[in-house]
Structure formats: C-alpha cells, structure tokens
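# the following comprises the amino acid sequence and a computationally predicted model.
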Amino acid sequence: MRKQVLAYLKPASQLAAGDRILTGRMTVADVASVETFKDSSLRPCVEARIAERGRKSSAVYVADDVVLVLE
C-alpha cells in the first residue's frame, strides 16, 4: 500500500511550531520553534529551530522565502 503525503508551499513568515519542512539539505525536519528578527540590512527574517534525527539546529529564511511543508 502506498502512503500519500500532502505537500504545499508556505511563506517562511507563516511557519509555526509543529510544521514538517524540507530543508535546504533535502531532509525532512520538524520545526520546534520560530523566531523572527531583522538582518543587518533590516530585512525581516525567520529562524526556524528544527530537530532532525535527534540533532538540534536551525534554518534561516528571509520572511518572503517559500518553504515546502509536508503533512
């Protein structure tokens, strides 16, 4: 039996804890928390703290970037 996965695009500014995203390293990660900030050129950015395979790291996006979310 095949398992169906729903995938959709979401702006990084709308990420929330509990989302499963496809990271730039092509791995699926669960978002643990989301923090917004501005970089040195005052662009709004989003830091998604993720947990993948027991390791904690973060992915940083410009708020307008589009992220692939899996359900």
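Looks like it arrived, so ask away. Residues are numbered from 1 along each chain as shown.
# list phi and psi for residue 14.
Main-chain torsions, residue 14, degrees, to the nearest 10: phi -100, psi 10.
# give the contact list for it.
Listed by C-beta atoms under 8 Å, 6 or more residues apart in numbering, residue 14 has no contact partners. In this view, the C-beta of every residue, glycine as well, is placed from N, C-alpha and C.
# now do the strands in the protein.
7-11, 20-22, 28-38, 44-52, 55-62, 66-70 (DSSP state E).
# so can I have a markdown table of the ones you listed showing mean pLDDT?
Formatted as a markdown table, those follow (pLDDT from 0 to 100):
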| stretch | mean pLDDT |
| --- | --- |
| strand 7-11 | 95 |
| strand 20-22 | 92 |
| strand 28-38 | 93 |
| strand 44-52 | 90 |
| strand 55-62 | 88 |
| strand 66-70 | 94 |
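# just put those in CSV and tack on distance to residue 1 and mean neighbour count.
Below are the strands of the chain laid out as CSV (distance: least, C-beta to C-beta, whole Å; neighbours: other C-beta atoms under 10 Å):
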stretch, distance to residue 1, mean neighbour count
strand 7-11, 19, 11
strand 20-22, 21, 17
strand 28-38, 20, 14
strand 44-52, 26, 18
strand 55-62, 31, 14
strand 66-70, 19, 15
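# in space, what's closest to residue 33 - neighbours in sequence excluded?
Excluding the flanking residues, the one nearest residue 33 by C-beta to C-beta, 6 or more residues apart in numbering is residue 49, at 4.7 Å.
# equivalent analysis for residue 36, please.
Once flanking residues are discounted, residue 36 sits nearest to residue 46: 5.6 Å by C-beta to C-beta, 6+ apart.
# verify the stated contact: the one you found with residue 64.
No. Counting by C-beta atoms under 8 Å, residue 46 stays clear of residue 64, with 9.7 Å between them.
# need the contact list for residue 54.
Counting by C-beta under 8 Å, 6+ apart, there are no residues that residue 54 touches.
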